[in-house]
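> build me a structure from this.
(one chain, ligands or ions: 1)
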Amino acid sequence: MSQLEQLRAVMGRAGVDALWISDAANVRYLSGFTSGKDGKVLVTPQGETLYTDARYTVQAGQESRVPTFIARPPATLEHAAPGLAGLRVGFEAESLTVAELEQLRAYWPQATLVGTAGLLSELRMVKTPGEVQAVRDAQALADRVFAQVRPMIRAGVRELDVALEIESLLRRAGAESAFEIIVASGPRGAMPHGVASDRVIGDGELVTVDMGARLNGYNSDMTRTVAVGTPSPEMARVYRAVLEAEEAAVRAVRPGVSGADLDALARGILTGHGLGEAFAHSLGHGVGLMVHEGPSLRGSSEDVLRPGMIVTVEPGAYLPDVGGVRIEDLVLVTDDGFEVLSRSEKETV
Ligand SMILES: CSCC[C@H](N)C(=O)N1CCC[C@H]1C(=O)N[C@@H](C)C(=O)O
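This next block holds a predicted model:
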């Protein structure tokens, strides 16, 4: 089934006849138009239309898999109105402003507008073979960049310079950073989202580097914690505990296992090492057009893994004023288990 056919089935279950898609990643996913933030897709019983403006006439002509109508709102809404009379029209409640909703109400008075959530996220969780290849390519590039940068992570170097080098190598390769690069050394390692600062890395410290490439619209995500010199016995113990939890959780990835169970597995191991409280976030998340997307590997998640999903497995332990460790792999769920897409070496500490 094509992505649009699957979406129509999902729309049927949600009780909507048409869907106004405003989330940039969803616009791209359905149409192929890479400037999704400047486009909308309308799916009706008659067909699909990409709406974008004249800045993108050529680009949309080259990229879009669905017919395109070039206009700006409200002309776009006027164009759509006759086909929507009497229909239940869904909109993406999480990516429409109140002003935009009021505009839809004003221009589509004969439609019944219905807020929806997660219709496309459900589909996007399972990647097509082309999407798997795109994430694989992004991760392969991130692995190459990490190998190039690894030798510069040493005492006397600023976190910022490590991040800049990663960013520059990614850009030169035609990609960009998937998110603001995290380089957290020494005590800054206690911040799970400790983006690179001007701190100078010291001898005997652990340094957490969390990076991803965005290539052809698809993201990768990987973390390595590296040792500069010899870390303290306490941090070496924390490192080994996180590595044990990470490897066990990766080995447990397979179709049918739930995100909550994987999270519990890793959390249980860290708790056994007295580090349960120090694991301050979820075990992982899906990766694709967005760095954070479904499925969720957290205690409250109801997501169950299926072949074609791509998830991170990233336990961590964070000790305020002392330091932290996170180790993260990017993992593809296969028909009978898993494949680790991130290949960068892990330290033996
Ligand atoms: C801002 S993108 C960060 C990418 C990173 N690999 C990542 O996803 N992290 C870093 C530590 C926690 C984890 C995260 O943000 N997890 C989210 C999904 C959560 O709410 O736990």
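> find the nearest non-adjacent residue to residue 51, please.
residue 76 (4.3 Å; CB to CB, 6 or more residues apart in numbering). The C-beta positions use only the backbone N, C-alpha and C, and glycine is treated the same way.
> centre-most residue in the protein?
With the centre of the chain defined as its mean C-alpha position, the nearest residue by CA atoms, centre = their mean is residue 291, 1.8 Å away.
> what sits against that one?
178-179, 212, 219, 221, 285 (CB atoms under 8 Å, 6 or more residues apart in numbering).
> check contacts around the residue nearest to residue 51.
In this structure, residue 76 makes contact with 40, 51, 69, judged by CB under 8 Å, 6+ apart.
> please settle this for me: is it part of a helix?
Yes - Residue 76 forms part of a helix when assessed by DSSP: H, G, I helix; E, B strand; the rest coil.
> show me where the protein has its helices.
For the chain, applying DSSP state H gives helices covering 3-14, 24-31, 57-63, 75-84, 98-107, 119-124, 129-149, 159-172, 233-251, 259-272.
> what's the mean pLDDT across the first one?
Spelled out, it's helix 3-14. Helix 3-14 shows a mean pLDDT of 94.
> can you check the last one too?
For helix 259-272, mean pLDDT rounds to 98.
> other SSEs contacting that helix?
helix 233-251, strand 284-286, strand 293-297, strand 310-313 (3 or more CB pairs under 8 Å, 6 or more residues apart in numbering; DSSP states H and E).
> just confirm yes or no for the shortest one near the ligand.
Yes - under the criterion of CB under 6 Å from any ligand atom, strand 284-286 makes contact with the ligand via residue 285.
> residues from the chain in reach of the ligand?
Residues of the chain found near the ligand, taking CB under 6 Å from any ligand atom as the criterion, are 179, 192-193, 210, 221, 223, 281-282, 285, 291-292, 314, 328.
> which of the residues you listed are buried?
Burial of the residues of the chain next to the ligand was assessed by neighbour count (16 or more other CB atoms under 10 Å); the buried members are 179, 192, 210, 221, 223, 282, 285, 291, 314, 328.
> tell me which of those fall in strands.
210, 223, 285 (DSSP state E).
> adding pLDDT, write the residues you listed out as a markdown table.
Output for these, formatted as a markdown table (pLDDT from 0 to 100):
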| residue | pLDDT |
| --- | --- |
| 210 | 99 |
| 223 | 99 |
| 285 | 98 |
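> what is the nearest of the contacts of residue 291 to residue 128?
Taking CB to CB as the measure, residue 128 lies nearest residue 219 of the contacts of residue 291, at 15.6 Å.
> surely that closest one touches residue 290?
Yes - assessed by CB atoms under 8 Å, residue 219 is found in contact with residue 290 at 6.9 Å.
> more neighbours, the two?
More neighbours surround residue 219 than the other of residue 219 and residue 290, with 27 against 20 (other CB atoms under 10 Å).
> once you drop chain neighbours, what's closest to the more buried one?
Closest residue to residue 219 in three dimensions, ignoring its sequence neighbours and counting by CB to CB, 6+ apart: residue 178, at 4.1 Å.
> can you name the residues that contact the one you found?
Contact criterion CB under 8 Å, 6+ apart gives 138, 211-214, 219-221, 291 as the residues in contact with residue 178.
> which ones are touching the closest residue to residue 67 other than its chain neighbours?
Nearest in space to residue 67, with sequence neighbours left out and distances taken as CB to CB, 6+ apart, is residue 49 at 5.6 Å. With contact set as CB under 8 Å, 6+ apart, residue 49 has these partners: 41-42, 66-69, 80.
> which one (most neighbours) among the residues you listed?
Highest neighbour count within the contacts of residue 49: residue 41, with 28 neighbours (other CB under 10 Å).
> that residue and residue 47 touch, don't they?
No - the criterion here is CB under 8 Å, and residue 41 misses it with residue 47 at 10.9 Å.
> any common contacting residues for those two?
Listed as contacting both residue 41 and residue 47 by CB under 8 Å, 6+ apart are residue 66.
> what's the pLDDT at residue 68?
pLDDT, the model's per-residue confidence, is 98 for residue 68.
> that one against residue 59, yeah?
No - with contacts defined as CB under 8 Å, residue 68 does not count as touching residue 59, sitting 9.8 Å away.
> shared neighbours of those two, which are they?
Residues within reach of residue 68 and of residue 59 at once, by CB under 8 Å, 6+ apart, are residue 33.
> for residue 263, give me its contacts.
For residue 263, the contacting residues are 282-284, 297-299, 301, by CB under 8 Å, 6+ apart.
> who touches stretch 226-243?
Contact with stretch 226-243 is made by 150, 153-155, 185, 201-207, 209, 225, 269-270, 273, 275, 278, 315-317, 319, 322-327, 346-347, 349, as judged by CB under 8 Å, 6+ apart.
> tell me the buried residues within those residues.
Among those, the ones that count as buried (16+ other CB under 10 Å) are 150, 153, 185, 201, 205-207, 209, 225, 269-270, 273, 275, 278, 315-317, 319, 323-327, 349.
> return the subset of these lying in strands.
Using DSSP E, the members of those that fall within strands are 185, 205-207, 209, 225, 316-317, 319, 323-326.
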